[in-house]
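Q: sharing a sequence plus its predicted fold:
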Amino acid sequence: MNSEIINALKNAKMTTYCLDEDQIISQSEWIERAYTKCKSLAVFFNTKFYILHNDTFNGAAFYKPKFIALNFGVFDLSQKMAHIITNYLVHDITPNIKPNKNPNRKAYYDIFFSLPNMVDANKKTIKENSLANNYYEQIASIFTLFTMFHELGHINHNHGARNINHFCDGFDSSTSSLSSENALDSQTREVICDLYAFECLVKSHVLPMKKELSYNKEEFIKYLTDHLTFISLYFYFLSPNLNNDGYKHASHPPTAFRIFSIYKYFQSDETINISKIEKELIISSSSENLRKILINIFSDSASNNWHTWFTDSELAAWHNEIYNRTPNWYLFEK
């Protein structure tokens, strides 16, 4: 790693300690495969790629110089989330997680670091059960690859070329305070990259599964419902706060807004080729599945009302603001 990259990481207040490849692939078979996939994507986009020695779930795209940095926690926590959700869905096993007393605080960053033994103990059980293994791969892949595709979206859409002082798009900080104009621009970039990541996962995962399940549409609808459930879960746990009262000056949109934009995109998407009624059923079912997971696994009392903290009119007004700014940050026709 050269001094230019080290300085860029320091300026972004990120660790400059990068893991080497041997340290990464020695962690687990799944992490080795996920890392190899992310590395190949970085090569395809002609950008350097680094894994930082940090256990939290986050990443960033840098423009000057051009590279992607993911925390090791992206891989580790994706793996742990996959184990926890799979054990619940297949074996009705839930970890002993204390209820979250703060209705606006998600316990994501506190939950997983205490569970390595449980994860290790269940690896064999999951691998030997085909249904469990499929769930595990689907969940872990969504959490890891959505993150990688999102950061690559910043590179692909050339976000760093629009402002000479803009050197990276990085971590969501609930303490950031931008001007309303800069906040809207930043949130627009984030939404564009969310949708780009969703589109990439449709191409890499959903469409191949549709072909594989062409004989069984009901099973494909279930797969798609699970897919949307796990993406919503990803957003729910991505940031430390559900209800960001200062979102109009924040770099990243609140959780509810990001899920709302994914739902809107899914409703208008034509590549999956299913009916409007089927899409509405999938969105409704995935929302209910998310609520059950948050209550039954994470004892999260906020799951009953977090999505209603913003009114429909607030969601629509925000979406229109973002949509109107999209041409400024979106380079390519669909």
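A: Looks like it arrived, so ask away.

Q: which residues of the stretch 1-150 of the chain score low on pLDDT?
A: 96-125, 127 (pLDDT under 70).

Q: quick one: the strands in this protein?
A: With DSSP state E as the criterion, the chain has strands at 48-52, 59-63, 66-71, 168-169.

Q: who does the second one pair up with?
A: In its sheet, strand 59-63 lies beside strand 66-71 (antiparallel), strand 168-169 (antiparallel), with partners assigned from DSSP bridges.

Q: how about CSV for the ones you listed, with mean neighbour count and distance to residue 53 added?
A: Backbone N, C-alpha and C define where each C-beta goes, glycine included. Rendered in CSV, the data for the strands paired with strand 59-63 read as follows (neighbours: other C-beta atoms under 10 Å; distance: least, C-beta to C-beta, whole Å):
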stretch, mean neighbour count, distance to residue 53
strand 66-71, 22, 8
strand 168-169, 22, 19
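
Q: same list (the strands of the chain) but as TSV, adding distance to residue 321.
A: Putting the strands of the chain into TSV (distance: least, C-beta to C-beta, whole Å) gives the following:
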stretch	distance to residue 321
strand 48-52	33
strand 59-63	23
strand 66-71	28
strand 168-169	19
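
Q: can you say which of the strands paired with strand 59-63 is nearest to residue 211?
A: Distance to residue 211, taken as C-beta to C-beta, is lowest for strand 66-71 among those, at 29.8 Å.

Q: could you give the angle of the closest one to strand 48-52?
A: 20 degrees (axes from the mean of the first three to the mean of the last three C-alpha atoms, to 10 degrees).

Q: among the strands paired with strand 59-63, which comes closest to residue 11?
A: Judging the strands paired with strand 59-63 by C-beta to C-beta, what sits closest to residue 11 is strand 168-169, at 8.0 Å.

Q: now find how far off-centre that closest one is within its chain.
A: 17 Å (C-alpha atoms, centre = their mean, to the nearest Å).

Q: where's the residue of the chain most remote from its centre relative to residue 272, distance?
A: In the chain, residue 215 marks the outermost C-alpha relative to the chain mean, sitting 30.3 Å out by C-alpha atoms, centre = their mean. Look at residue 215 and residue 272: by C-beta to C-beta, to the nearest Å, they are 17 Å apart.
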